[in-house]
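Participant: 3D, please:
(chains A and B)
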2 protein chains.
Amino acid sequence: MSDRGNMADARPDEELIDATANDQAESRHDEDDRLRPEYVTAVLDAVEDGDAERARDLVSPLHPADIADLLELSPADRRGAVAAALGDLVGAEVLSELNDYVRDDLIGDLAPEQVAGFAAELDTDDAVAMIEDMDDADQQAVLDALDPEDRAAIESALSYPEESAGRLMQRDLVAVPEHMTVGQVIDYLRDHGDLTADFWEIYVVDAMHRPVGYCQLSWILTCPRSVAMADLMKREQTLIPVDMDQEEVALRFQKYALISAAVVDASGRLVGMVTVDDVVHIIAEEAGEDILRLSGAGEGDINEPILMTVRARLIWLVVNLGTAMLAASVVGLFEGTIERFAMLAALMGIVSGMGGNAGTQTLAVVVRALATNQLTSSNTVRMIGREFRIAATNGATLGTLTAVGSYMLYGRLDLSLVFGAALLINNMVAGLAGVLVPITLERNNIDPAVSSSVFVTTMTDTMGFFAFLGLATLFLR
Amino acid sequence: MSDRGNMADARPDEELIDATANDQAESRHDEDDRLRPEYVTAVLDAVEDGDAERARDLVSPLHPADIADLLELSPADRRGAVAAALGDLVGAEVLSELNDYVRDDLIGDLAPEQVAGFAAELDTDDAVAMIEDMDDADQQAVLDALDPEDRAAIESALSYPEESAGRLMQRDLVAVPEHMTVGQVIDYLRDHGDLTADFWEIYVVDAMHRPVGYCQLSWILTCPRSVAMADLMKREQTLIPVDMDQEEVALRFQKYALISAAVVDASGRLVGMVTVDDVVHIIAEEAGEDILRLSGAGEGDINEPILMTVRARLIWLVVNLGTAMLAASVVGLFEGTIERFAMLAALMGIVSGMGGNAGTQTLAVVVRALATNQLTSSNTVRMIGREFRIAATNGATLGTLTAVGSYMLYGRLDLSLVFGAALLINNMVAGLAGVLVPITLERNNIDPAVSSSVFVTTMTDTMGFFAFLGLATLFLR
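Facilitator: Sure, this is the predicted structure:
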């Protein structure tokens, strides 16, 4: 019996008892698989009324990922009560699915022994994610409460840098020697059925425990027992160094369409494996965070404490205030011209603003192309040429449009030509800055998503004002 | 013997012959696993010299994904020559890894029989991706050249909407009845070893071929032969309706950490499966495209024909030109005030620009939260309250900063108060517009990433000018 809304969609002709359950599933999820607000309210009301049993009845059919969503959707000041009412429905798996801030908030109230109990149930990587942000004393208390084997695994993972493959990897894996046959591997797996978490591939290692090949489980299942692993395995494989950054790991999984990959230490020995389900959320995060960085929105996590968010955004706004004042000082140079031709004040914002828009377009494309390794030294020159031609075409089009438009409005040929020329010039500045700034920053190992837009906006603002007011000062009579 | 740079990193103590090969691998890839420009140039030079053999020697150790990168990094006018020189190194797998525009360009020159040959080698989903953008006549010619079985599979996939699960799914899969035992399943798989592409899970179906459960391969391998599938399988599973949008499919894979999922038709029958490796690039694309949409950069594909790019960006710029003129007309209302106080012209850009920055921060956060289903009806009110408080705090801080700064600069209390108040007001406008606009668009089924920033910028520009110049007109003497 399924409890998912999507299953209900797919099986409209189920018998009556299923239909009832499906209706219930439909009443929990909307068509986009989000929890319905009425459902969330019903759970919150049950908790409010002190009716823990009703709350548990409502929640028990949910997948752990949905229970995590439910807690995130609950107001921060009522989450503790909801979690308490749900009791063991909020298990280790729910905690591992929770947003970091929400989880840290919830486990902050628990005894170290309880946290250790959850950690022991989880894969190493999820257990590490749960306790890595605790302060040292709390973390030590949790570690002390773990049994020696789990503790050793987690401590070892914590010894690797944050966001490295070492933190991400699972230490339970299946590694067999090359001389084993398919039949021996199957017998070994049957004897050690509980030896590991989910696995999709097994690794073949040499006497030094260094990987020499890997084997998908489907190959083992479709082969006679007598085949040797050496003949079945694929020798080419992507090995992940244990200190590789998780973003790099995610890119390799994406590029080579990996399901799992062996992690090796500096001497080449197999120390763990990373599986694609642990990488998928990193791929999504890394791809999504450029937009937040480019906009100066910091982490952009809606569960972040509000003061941290205020601080992150304020830093960015103050930096931009500085660049805006720089642009304003350019305007200040031309106060005499503006006093004579007040319409310039109205029009100059169009020149700088259009440059900003064109620069942002180029920036977005270049930052994405750099992040996805599509833009490398091999095609940099071509990319610059491409953006130059786009900027020239769009600048000429917009310049013509605005020149004609302003001539119709003000009937002044000199003003129209100055306006159109300034727009063309600023579009060219925008296009070139939009491609050159992020490439230069990347070459100097500065994240182009974080810093580019300050530089580009400064250039389009100041050059927009300078070109327009400067030309106006020279040519308007 | 590995040919990957990363493997070389991981095995520094290999014997001599490996070290040589590793050096070669190092000379192909940089530390971020991108092809080095020197290597790309060497291949291009070999092709230029007509030395196809040298080009093939250089390229043959590459993974298909890297050969695809090599073709993308080659200048567009030389790609045909490179592909011709590489011959069968550019196989079906390379084509399926290529950027759409680059692939369409390359296969445009091929005979339908050749394209059909490639399509026959690929999984259904990759074959469909290869031919779905061809014009009808070419597509029909390719279909005619396929053998009946492949043709039927591809035609059936093409009958589903673009970007739906039906296009994405693999039709080869393993489905067994509930009464089979583990031993019978293994025997069946051994007898039909070549029946399918990569698979990670098998599906258990009823007499109507409707899924009733699924089973990871590792469960089968770790169980005695006598266990019945009915006892081993997990009954709760995420079923994907065949017409579900691929973005929705990707979100389910992410949320429930799926490796593969069964696809069902309207009557609930199993018609295919989607595997995570086909979803990973969708997850990355969907997460990355918000930044391009929010910036008005269209598709943002650097391989897109330049005229298509110009057109996509120009439409956006012209729309923004309209809103900039609207803002300019607000400034025009206050020309008298600006003639009297020319420094207003310099400062007004700061007010509108800072509002734009604050609005973009909020927009980025809200658009991401909507895209990841973190922001739903259940927490909308809370989110608006959160952004309101952030906007008020940052607006008050920036207002105070600028008021004090401008007082020190101009020594005019009235101007400073007007300036600071305008900044506070425009920050509030930005924060509220930044959260209300995308939520309103989303509720009306308009993609908030595409349309939000035009509305928000229009509001921050016009309100920034209006508040600042309006207050100045009222209070400056």
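Participant: okay, domains of chain A per the record?
Facilitator: Listed by automatic domain parsing, the domain ranges of chain A are A:5-165, A:175-290, A:306-475.
Participant: switch these over to a markdown table; also include distance to chain B, mean pLDDT and mean neighbour count.
Facilitator: For every residue, glycine as well, the C-beta is placed using N, CA and C. Converted to a markdown table, the domains of chain A look like this (distance: least, C-beta to the nearest C-beta, whole Å; pLDDT from 0 to 100; neighbours: other C-beta atoms under 10 Å in any protein chain shown):
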| stretch | distance to chain B | mean pLDDT | mean neighbour count |
| --- | --- | --- | --- |
| domain A:5-165 | 4 | 83 | 18 |
| domain A:175-290 | 4 | 91 | 19 |
| domain A:306-475 | 4 | 93 | 21 |
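Participant: how about these in CSV, adding distance to residue B:292?
Facilitator: Converted to CSV, the domains of chain A look like this (distance: least, C-beta to C-beta, whole Å):
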stretch, distance to residue B:292
domain A:5-165, 22
domain A:175-290, 10
domain A:306-475, 5
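Participant: how near is the nearest residue to residue A:272 once chain neighbours are set aside to residue A:233?
Facilitator: Closest residue in space to residue A:272, ignoring its immediate chain neighbours: residue A:169 at 3.3 Å, by C-beta to C-beta, 6 or more residues apart in numbering or on different chains. For residue A:169, the distance to residue A:233 (C-beta to C-beta, to the nearest Å) stands at 21 Å.
Participant: which residues in the stretch 301-450 of chain A form helices?
Facilitator: A:306-333, A:335-340, A:343-371, A:380-410, A:413-443, A:448-475 (DSSP state H, counting those that start in this stretch).
Participant: now these in JSON lines, with distance to residue A:99?
Facilitator: Output for those, formatted as JSON lines (distance: least, C-beta to C-beta, whole Å):
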{"stretch": "helix A:306-333", "distance to residue A:99": "14"}
{"stretch": "helix A:335-340", "distance to residue A:99": "50"}
{"stretch": "helix A:343-371", "distance to residue A:99": "23"}
{"stretch": "helix A:380-410", "distance to residue A:99": "37"}
{"stretch": "helix A:413-443", "distance to residue A:99": "30"}
{"stretch": "helix A:448-475", "distance to residue A:99": "22"}
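Participant: show me the one of the ones you listed that comes nearest residue A:263.
Facilitator: Closest approach to residue A:263 among these (C-beta to C-beta): helix A:343-371, 23.4 Å.
Participant: which SS class is residue A:32?
Facilitator: Secondary structure, DSSP: H, G, I helix; E, B strand; the rest coil: residue A:32 is coil.
Participant: for it, what are its contacts?
Facilitator: With contacts defined as C-beta atoms under 8 Å, 6 or more residues apart in numbering or on different chains, residue A:32 is in contact with B:248, B:251, B:373.
Participant: quick check, nearest of those to chain A?
Facilitator: The nearest member of these to chain A, counting by C-beta to the nearest C-beta, is residue B:373 at 5.0 Å.
Participant: surely the closest one and residue A:34 touch.
Facilitator: Yes: contact criterion C-beta atoms under 8 Å: residue B:373 and residue A:34 qualify, at 5.0 Å.
Participant: which residues are in contact with each of the two?
Facilitator: residue A:69.
Participant: what sits closest to residue A:83 if chain neighbours are left out?
Facilitator: Leaving aside its sequence neighbours, residue A:83 sits nearest to residue A:90 (C-beta to C-beta, 6+ apart; 4.9 Å).
Participant: look up how far residue A:60 lies from the one you found.
Facilitator: To residue A:60, residue A:90 is 11 Å away according to C-beta to C-beta.
Participant: how far does the one helix or strand residue A:141 maps to sit from its chain's centre?
Facilitator: According to DSSP states H and E, residue A:141 maps onto helix A:136-145. The chain centre lies 29 Å from the centre of helix A:136-145; the measure is C-alpha atoms, centre = their mean, to the nearest Å.
Participant: other SSEs contacting that helix?
Facilitator: Helices and strands touching helix A:136-145, by 3 or more C-beta pairs under 8 Å, 6 or more residues apart in numbering or on different chains; DSSP states H and E, are helix A:112-121, helix A:124-131, helix A:148-158.
Participant: off-centre distance for the last one?
Facilitator: Read that as helix A:148-158. 27 Å.
Participant: and the next helix or strand past it?
Facilitator: According to DSSP H and E, the helix or strand after helix A:148-158 is helix A:165-168.
Participant: hmm, who's touching the helix or strand just after that following helix?
Facilitator: Sequence-wise, the next helix or strand downstream of helix A:165-168 (DSSP H and E) is strand A:175-177. Here strand A:175-177 makes contact (C-beta under 8 Å, 6+ apart) with A:185, A:188, A:202, A:203, A:204, A:205, A:206, A:207, A:209, A:211, A:229, A:270.
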